[in-house]
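1. What would the 3D arrangement of this be:
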Amino acid sequence: MKTPHDTLFHFTFRWARHSRSWFRSILSAAIVAAVDWNNLIPAPEKVHGTQLRLHVTDILFAAPMAPHPRQVFFVPEHKSYDDPNLGTQLLGYAVHIGGGARLSRDDPPALVIAVVLYHGDKPFRSPRPCHPHLADLDPAAATALAALQPGLGFVVDDLSVVTEASIRARDLTALATLTMLCLRFLRYCSPADALASLQRWAAVLRAVDRDEQGPPGCDAIATVGWYVLSVTEVTALALHEMFERILERPEETIMSTAERLRLEGEVRGEARGRLAHSRDTLCRLLTKRFGPPSPELAQRIATADLEALDRWTERILDADSLLAVFADD
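-> As a prediction, this is how the structure comes out:
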């Protein structure tokens with residue numbers, strides 16, 4: 001499910017010039033010197049492919065290596081929490097990209113650099129893939145097996161351990177700077193602290209608003225405003241008034257954004273209520289007909305969508321076993 005963090009990250013870093021400034025600020029000097037950054041572009045659709053486009057962020061760039069014609073692909077990703085499957089996820093992307101980029105079997109594997117923007121509430125624990133599914137094995141066997149699993153090295157930009165001053169000191173575009181500041185700090189702020197932070201970032205906000213190279217400044221401000229309203233308790237009126245003071249122009253998007261968020265919240269609340277009711281109904285009927293569901297089945301029900309819950313509930317009337325209820329699922 002898309003989060004406000006996903007939306008803000010994607011809004012900013014789907015633009016090559018904002019991602020370029022981020023990549024150059026975090027990669028090693030040797031890699032920065034080897035890449036022709038002036039020709040960093042979104043990767044061709046053939047390489048993107050359906051599989052990667054289904055991912056919520058869906059960002060992929062390619063650039064030639066200077067002075068060689070060989071390309072390197074950049075996979076930007078972000079995480080707002082400690083995800084033990086991050087390494088596996090990125091490895092899957094790299095394999096997919098490598099297959100899409102090769103023109104023949106004789107071509108060398110594609111060069112892939114995965115860059116992760118991490119902004120969790122605790123420091124990032126490891127820049128390498130881990131294998132939590134091996135935890136129930138004998139420790140010696142788990143260690144030996146983990147060493148034999150395929151993996152992909154990746155670069156982690158850990159915002160949880162950096163200061164506001166260090167983010168602002170980077171050579172980033174204004175929108176990249178503002179995005180990192182928002183992701184790093186806002187969701188942990190009280191309303192007063194969030195407004196105080198925005199006031200400190202006034203110069204960055206004005207630079208974003210007046211940026212003419214894309215995305216349009218008004219769209220960027222509207223997206224940042226939406227993010228503030230989504231992750232903090234700042235009122236729409238307070239944010240509206242502050243943005244007008246900072247930007248020195250009428251700001252017309254905040255109040256309409258607040259109304260849209262209110263309506264979306266009502267819809268999500270209704271959907272969550274229906275899901276909870278459907279799960280409770282299914283579990284009660286299963287218990288009455290076949291006995292209490294096993295822990296594995298209870299977990300399956302707890303993560304099912306509404307369509308599956310309705311389908312299973314309808315089958316209970318005619319099914320003669322649990323297997324019949326969950327057949328073909």
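2. which sections of the stretch 1-150 of the chain are below the confidence cut-off?
-> 1, 44-58, 98-109, 126-136, 149-150 (pLDDT under 70).
3. in it, which spans are helices?
-> 4-13, 16-26, 29-34, 45-53, 86-101, 139-148 (DSSP state H, counting those that start in this stretch).
4. Remind me what the second one packs against, helices and strands.
-> Judged by 3 or more CB pairs under 8 Å, 6 or more residues apart in numbering; DSSP states H and E, the packing partners of helix 16-26 are helix 4-13, strand 71-79, strand 111-118, strand 155-158, helix 174-185. All C-beta spots, glycine's among them, are computed from the backbone N, C-alpha and C.
5. what angle do that helix and helix 4-13 make?
-> 100 degrees (axes from the mean of the first three to the mean of the last three CA atoms, to 10 degrees).
6. how about the CA coordinates for helix 16-26, as PDB?
-> Extracted in PDB, the C-alpha atoms of helix 16-26 (Å, rounded to 0.1, in the frame of the first residue of the first chain):
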ATOM      1  CA  ALA A  16      16.700  12.900 -13.300                       C
ATOM      2  CA  ARG A  17      18.200  16.200 -12.100                       C
ATOM      3  CA  HIS A  18      17.000  15.700  -8.500                       C
ATOM      4  CA  SER A  19      18.200  12.100  -8.400                       C
ATOM      5  CA  ARG A  20      21.500  13.100 -10.000                       C
ATOM      6  CA  SER A  21      22.200  15.500  -7.200                       C
ATOM      7  CA  TRP A  22      21.400  12.800  -4.600                       C
ATOM      8  CA  PHE A  23      23.500  10.100  -6.300                       C
ATOM      9  CA  ARG A  24      26.500  12.400  -6.600                       C
ATOM     10  CA  SER A  25      26.200  13.400  -2.900                       C
ATOM     11  CA  ILE A  26      26.300   9.800  -1.600                       C
END
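7. Name the surrounding residues that touch it.
-> Here helix 16-26 makes contact (CB atoms under 8 Å, 6 or more residues apart in numbering) with 12-13, 32, 37, 40-42, 59, 61, 74, 76, 113, 115, 117, 155, 157, 170-173, 175-176, 179, 213-214.
8. again, 6 Å this time
-> When contacts are defined by CB atoms under 6 Å, 6 or more residues apart in numbering, helix 16-26 is touched by residues 12-13, 32, 37, 40, 76, 157, 170-173, 175-176.
9. Give the buried residues for that helix.
-> 16, 18-26 (16 or more other CB atoms under 10 Å).
10. One more: the first one?
-> Taking 16+ other CB under 10 Å as the basis for neighbour counts, the residues of helix 4-13 that come out buried are 4-5, 7-13.
11. that older thread, which two among the buried residues of helix 16-26 are spaced furthest apart?
-> Ala16 and Ile26 (15.9 Å; CB to CB).
12. Can you pull the phi and psi angles for Glu248?
-> Main-chain dihedrals, Glu248, degrees, to the nearest 10: phi 60, psi 40.
13. how is this protein carved up into domains?
-> 4-161, 162-252, 257-325 (automatic domain parsing).
14. what's the span of the second one, first residue to last?
-> End-to-end distance of domain 162-252 (CA to CA, to the nearest Å): 33 Å.
15. how far is it from where the chain is centred?
-> With CA atoms, centre = their mean, to the nearest Å as the basis, domain 162-252 stands 19 Å off its chain's centre.
16. Ok, the shortest one next?
-> Centre-to-centre, domain 257-325 and its host chain are 27 Å apart (CA atoms, centre = their mean).
17. average pLDDT across that domain?
-> Computed over domain 257-325, the mean pLDDT rounds to 74.
18. got the end-to-end distance for it?
-> 43 Å.
19. same thing with the first one?
-> Distances were taken as CA to CA; on that basis the terminal residues of domain 4-161 are 21 Å apart.
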